[in-house]
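Asker: I'll drop the sequence and a predicted model, then ask my questions.
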Amino acid sequence: MSNLTTSIQLTQQSTYKLNNGQHIPVAGYGLYLCPDEQSKHLVYKALEAGYRHIDSAVYYGNQRSAAQAIAEFLKDHPEVKREDIWFTTKLTNDAHGYEETKKEIALIASEIKESLGYLDLVLLHSPKSNKERRLGTWKALQEFVLHPQNEVLNIRSIGVSNFGVDHLEEILNWDGLLVKPVLNQLELHPWLPRLELREYLCKHDILAEAYSPLTQGYMLNDPELLELEKKSGISKIEILIKWSYLQGFVVLVKTEKEERIAQNLNILPKGNNDILGETSNLGKIELPSSVLEALDKPDSHVVLTWDNVDPTLYKDGDI
């Protein structure tokens, strides 16, 4: 059964504590397939709207522009500090392997170091290589984390994306493990709740981060969702985003429409987290129990990304 908690307290400034002690903002702005020529402007607008978490990837081809936007925003808003903004990028699958990873980190550094100084989080974009190369990558990433004064790039946290239990077991049972993954970035939504994988992540203190919480639009005309929207009076966009927050995920929402940037974030109220608590209604994110029950689909496994082939189930040698 999915999490049927009907209420949680969060604000736009809320963070979750990772297993290494770092704090990641719960609301993220994603740049998947965002054209490079638009990314700088959109990231700046996202930061103006209140986002403090930007997610990119080498594959997206827009991390340099995103980093430049953050630097410009910090220059224009001296009340905001570099440590207030979280920036994530992801390694390509071709960069798996010890030496290959070091080369790609140098590439990342050439694109973001001048603007940002350090990198908050780097992820393996997927498990699609083989065990030897995945562990070679992890060995290299650990070295960057454990030696922050290295000449290439200071990396604060490392994690994975699209990893299943078998891929995580490789890392966690590896005799060379020194630094645990802090999170697993996954396609997560009511039609793909991944309950067993989430239980495993919880057991090992690895945070779940949801990409495509709006199903990349594929399920927005689902008859059941439209009926829930009609009966509850809550927009389908708000229902899906709130569902993800109620599951306890860090939530990455992507849009290239400027008006949607603020609207998506404003599902979370503004406010000071210091006064959240049982005696306060500030930051209460809610959905009716009837909506949550209708969206409780523990056995559903509808993959809408990666050409509908679930990367968490990847076996070495698969094409």
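Answerer: Received it, and whenever you're ready, just let me know what you need.
Asker: for the stretch 51-200 of the chain, which segments count as strands?
Answerer: Applying DSSP state E, counting those that start in this stretch to the stretch 51-200 of the chain gives strands spanning 53-55, 86-91, 118-124, 154-161, 183-187.
Asker: do you know which of these lies nearest residue 264?
Answerer: Minimum separation from residue 264 across these (Cβ to Cβ) falls at strand 53-55, 12.6 Å. Placement of C-beta: from N, CA and C, glycine included.
Asker: name the helices or strands packed onto the closest one?
Answerer: For strand 53-55, the contact count by 3 or more Cβ pairs under 8 Å, 6 or more residues apart in numbering; DSSP states H and E identifies strand 27-30, helix 36-49, strand 86-91 as packing neighbours.
Asker: want to throw those into a markdown table with mean neighbour count?
Answerer: Converted to a markdown table, the helices and strands packed on strand 53-55 look like this (neighbours: other Cβ atoms under 10 Å):
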| stretch | mean neighbour count |
| --- | --- |
| strand 27-30 | 25 |
| helix 36-49 | 19 |
| strand 86-91 | 26 |
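Asker: in CSV, list these along with distance to residue 135 and mean pLDDT.
Answerer: Formatted as CSV, those follow (distance: least, Cβ to Cβ, whole Å; pLDDT from 0 to 100):
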stretch, distance to residue 135, mean pLDDT
strand 27-30, 28, 97
helix 36-49, 32, 95
strand 86-91, 14, 98
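Asker: of the ones you listed, give the one that comes closest to residue 242.
Answerer: Closest approach to residue 242 among these (Cβ to Cβ): strand 27-30, 12.0 Å.
Asker: so what does that closest one touch, helix or strand wise?
Answerer: The helices and strands touching strand 27-30, judged by 3+ Cβ pairs under 8 Å, 6+ apart, are helix 36-49, strand 53-55, strand 250-253, helix 258-265.
Asker: mind doing that once more with 10 Å?
Answerer: helix 36-49, strand 53-55, strand 86-91, strand 207-211, strand 250-253, helix 258-265 (3 or more Cβ pairs under 10 Å, 6 or more residues apart in numbering; DSSP states H and E).
Asker: as CSV, the helices and strands packed on strand 53-55 with distance to residue 165 would be great.
Answerer: Formatted as CSV, the helices and strands packed on strand 53-55 follow (distance: least, Cβ to Cβ, whole Å):
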stretch, distance to residue 165
strand 27-30, 24
helix 36-49, 33
strand 86-91, 20
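Asker: residue 258 is nearest to which of the ones you listed?
Answerer: Nearest of the helices and strands packed on strand 53-55 (Cβ to Cβ): helix 36-49, 5.6 Å.
Asker: please state the offset of the closest one from the chain centre?
Answerer: How far helix 36-49 lies from its chain's middle: 17 Å, per Cα atoms, centre = their mean, to the nearest Å.
Asker: before we move on, back to that, dump the strands of the stretch 51-200 of the chain into TSV; add distance to residue 12 as well.
Answerer: Putting the strands of the stretch 51-200 of the chain into TSV (distance: least, Cβ to Cβ, whole Å) gives the following:
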stretch	distance to residue 12
strand 53-55	10
strand 86-91	13
strand 118-124	18
strand 154-161	21
strand 183-187	20
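Asker: among the ones you listed, which comes closest to residue 290?
Answerer: Using Cβ to Cβ, the nearest of the strands of the stretch 51-200 of the chain to residue 290 is strand 183-187, at 25.5 Å.
Asker: in the longest helix seen in the chain, what's buried?
Answerer: Of all segments of type helix in the chain, defined using DSSP state H, the longest is helix 98-116. Within helix 98-116, the residues that qualify as buried by neighbour count (16 or more other Cβ atoms under 10 Å) are 98, 100-102, 104-105, 108-109, 111-113, 115-116.
Asker: which strands and helices sit next to that helix?
Answerer: For helix 98-116, the contact count by 3+ Cβ pairs under 10 Å, 6+ apart identifies helix 63-76, strand 86-91, strand 118-124, helix 131-146, strand 154-161 as packing neighbours.
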